[in-house]
Every structure is written in C-alpha cells, then in structure tokens.
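S.K.: Next comes the sequence, and after it the predicted model I'd like to discuss.
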Amino acid sequence: MRLYSLSVLYKGDPKVHLLKAAYDVSTFNFFQRSSVQEFMTFTSQLIAERSALGSRASVKEQDYLCHVYVRSDGLAGVVIADNEYPQRVCFTLLDKVLDEFSRQVSKMDWPSGSPATISYSALDGYLSKYQVQSP
C-alpha cells in the first residue's frame, strides 16, 4: 500500500491550478520519475476540474486510485494511491490537509497562488507519515 502524490489545488474560474504538491516517486525507475510526476500533476488537475464543488470521489486511473475532495470554497485536494490503500484514510488525510492549509494560507492567495509562491511545507510530512510500510 502506497501513497504517491498529495496535492492542494484551487478550483477557480475558469480552470484549476496547483497550489502545492508532494510526491513520492522513489519506487519508480530513476528515468521514469519526472514523467510519472508530470502524469500525477496533470491527473490531479483534471480530476479536480471534473469534480463539482462540495464533492468527494475516487477515480481509477491506470494502476492508481485517485481520491479527490473539492470543498465548497474551491479548495481541492487529491491523493493518488495504489489500489490497496484504504479510501477512508485518504479522505481523512484530505480533510486534515485542506483544513490546515485554509488556516495557514490566506484565501486571497488561492486564485493567484502557485507552488513557488505558496508557503505551506506540511505536505511532504503528511505524505511520509501516511505511507504504509510493507512488513
């Protein structure tokens, strides 16, 4: 059971943009890592774009399960995990991250923010904390 990506996005008009993300691509071949990361960024944006405000969903994409939660204020979170990772845990993680993000990052920064301008450093910690180590 693995988590590969944890992203915070903003669903504004007309499109979704990435505010902050963390990735764990250590299980992939070194030469595949950047394309896998690009795929995860693109997929996260696409799923958030296609999800209604105030909705939660789990979408299968290739060998991954993508869990998305779009809050009614437009803040969205996406977790990309393998098929065995528990769905309930993913949504608990998304709730926690989005609540904390909205307390630490001003709502005025969401529409124009980008990974370079948003200062929120907890995603990497959450990604490793929620990683399930194989016995």
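M.R.: Arrived safely. Numbers count the residues shown, from 1 in each chain.

S.K.: Check what contacts stretch 51-59 and list those residues.
M.R.: Contact partners of stretch 51-59, identified using C-beta atoms under 8 Å, 6 or more residues apart in numbering, comprise 11, 47, 65-72, 74, 76, 87, 90-91. From N, CA and C alone the C-beta is placed, and that goes for glycine too.

S.K.: Can you say which of those residues are buried?
M.R.: 11, 47, 65-71, 74, 76, 90-91 (16 or more other C-beta atoms under 10 Å).

S.K.: thinking again about what came up before, among the contacts of stretch 51-59, which one lies nearest to residue 129?
M.R.: Closest approach between the contacts of stretch 51-59 and residue 129, by C-beta to C-beta: residue 90, at 13.3 Å.

S.K.: Can you name the next helix or strand after the helix or strand in which the closest one is found?
M.R.: Assessed by DSSP states H and E, residue 90 sits inside helix 87-104. Once the chain leaves helix 87-104, the next helix or strand it forms, by DSSP H and E, is helix 123-129.

S.K.: and that following helix, what does it pack onto?
M.R.: strand 3-11, strand 16-23, helix 87-104 (3 or more C-beta pairs under 8 Å, 6 or more residues apart in numbering; DSSP states H and E).

S.K.: now the longest one and strand 3-11, what's the angle there?
M.R.: Going by axes from the mean of the first three to the mean of the last three C-alpha atoms, to 10 degrees, helix 87-104 is angled at 50 degrees with respect to strand 3-11.

S.K.: Could you check helix 87-104 and say which residues are buried?
M.R.: Neighbour-count burial for helix 87-104 [16+ other C-beta under 10 Å]: 89, 90, 91, 93, 94, 97, 98, 101.

S.K.: Fine, thanks again, bye for now.
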